[in-house]
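Novice: Here's my sequence, what's the structure:
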Amino acid sequence: MRRLRRFRWLVLETIKLVRNPLLSQSYYPEEERKSKFSIWLDNLLWVIKNNEVNKLYYAYGMDRKAGLNGLEVMSLKKFGYIRDKENLFPAISNYSYICILRDKFIFSQLLKSLDIPTPTNLALLNKEGVTWLADMRQTPLEYLVENESLNIKGFSKELAGILGKGAFPLQVAHGKLYIKNEEVTVDQLRDKVDGLYLLQEHIDQHPQMNYLYPSAVNTIRVVTFFINGKVEVFCASLRIGAKGRSVDNWAAGGIVVGVDMKTGNLTGEGLFKPGYGGRVTNHPDTGVKLDGFQIPFFHEGVKKVCELHSYLYGIHSVGWDVAITPNGPTIIEGNDNWDGGIPMSLEKNFKSRFLSYYSK
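Specialist: Coordinates of the predicted model:
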């Protein structure tokens, strides 16, 4: 009965996907498309075969009569199973290392101890108060507005949050609080802090990255594997904020673009996640052409994440988020549960390359 109910739910979700004008927007409107029936049949067969809704069907270009046109894809469920099997149950140990990555406070403290650039941790927040990490002082949340000498430009995020969920810029200045440049009250901040949050120092990104999009810190996602005692770089992409949003996450409306590993230049077009848009050649806010855009300090950033992964040898693969400051790269976080949908949408041979890392 449970399987039948799940199958029914998947079919209903697939119908919603195909009927929703935002989610079913073609990424290749200039090409001839399949009929609605063929698209629906494709998605039904995907559900039957993979026991999941193919939410990236249109991003992959599967609605075209030309089909995938050489693009290799696999179900995200199968991808996640293969990725997690190695990351959660490492062959070299009877315990998991991934908690180091998943707790943003612990991860940042580790990087500080290794002298690897990362944003400074300022405080821990919850609904009741603030723990200041410089001296472990505890104050009520009201202290942020009662002490008019406080001047903080920071970024707050859930300790174990993913996909940018719940993250927001927080500024404290002259007894006032600002979230996304809008003044808020202590009670409004309290409503937003649902759980334990980490407040980090604001990152001033490189002028070139500001030129691309200034309202969010645009980060490089670099995926590395630890294979046979050494770190290997798998792929890289750039995540760019858009439409006034303060985060660059693909799941929150950002753009992803592939990166040429040799040059550090963006390559090809940018992609929005279904529901937010389609393909773009230029950034919709700033007009900057994406293809050929040079990422400053790209190779230095790749070198840093490779160095860090060498210390975390118990984790098979990691998706690193790297920001670029005027002085070089700084590592924001590492993700053992990195998203395969992004490189799968950007790379023709993702599937075969990915699977090859599990046969070495």
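
Novice: where along the stretch 201-350 of the chain do the strands fall?
Specialist: Counting by DSSP state E, counting those that start in this stretch, the stretch 201-350 of the chain has strands at residues 219-227, 230-240, 255-259, 266-272, 279-280, 317-325, 328-335.

Novice: Give me the number of neighbouring residues for E158.
Specialist: 17 (other C-beta atoms under 10 Å). C-betas here are computed from N, CA, C, even on glycine.

Novice: cool, and the one 10 residues further on?
Specialist: By other C-beta under 10 Å, the residues close to F168 number 17.

Novice: before we move on, back to that, with W46 as the reference, name the closest of the strands of the stretch 201-350 of the chain.
Specialist: strand 266-272 (19.7 Å; C-beta to C-beta).

Novice: circling back to that earlier point, possible to save the strands of the stretch 201-350 of the chain as a markdown table with distance to R83?
Specialist: Listed next are the strands of the stretch 201-350 of the chain as a markdown table, based on distance: least, C-beta to C-beta, whole Å:
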| stretch | distance to R83 |
| --- | --- |
| strand 219-227 | 10 |
| strand 230-240 | 11 |
| strand 255-259 | 18 |
| strand 266-272 | 21 |
| strand 279-280 | 26 |
| strand 317-325 | 6 |
| strand 328-335 | 10 |
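
Novice: can you list the weak-confidence ranges in this protein?
Specialist: 92-93, 161-165, 360 (pLDDT under 70).

Novice: any idea which helix is longest in it?
Specialist: With secondary structure taken from DSSP state H, the chain has its longest helix at helix 2-19.

Novice: now the strands of the stretch 201-350 of the chain in CSV, with mean neighbour count and distance to E128?
Specialist: Shown next, in CSV, are those (neighbours: other C-beta atoms under 10 Å; distance: least, C-beta to C-beta, whole Å):
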stretch, mean neighbour count, distance to E128
strand 219-227, 23, 31
strand 230-240, 20, 33
strand 255-259, 25, 38
strand 266-272, 21, 39
strand 279-280, 16, 44
strand 317-325, 23, 30
strand 328-335, 22, 26
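
Novice: Domain boundaries for the chain, per the record?
Specialist: As recorded under automatic domain parsing, the domains making up the chain are 2-69, 80-117+206-356, 121-201.
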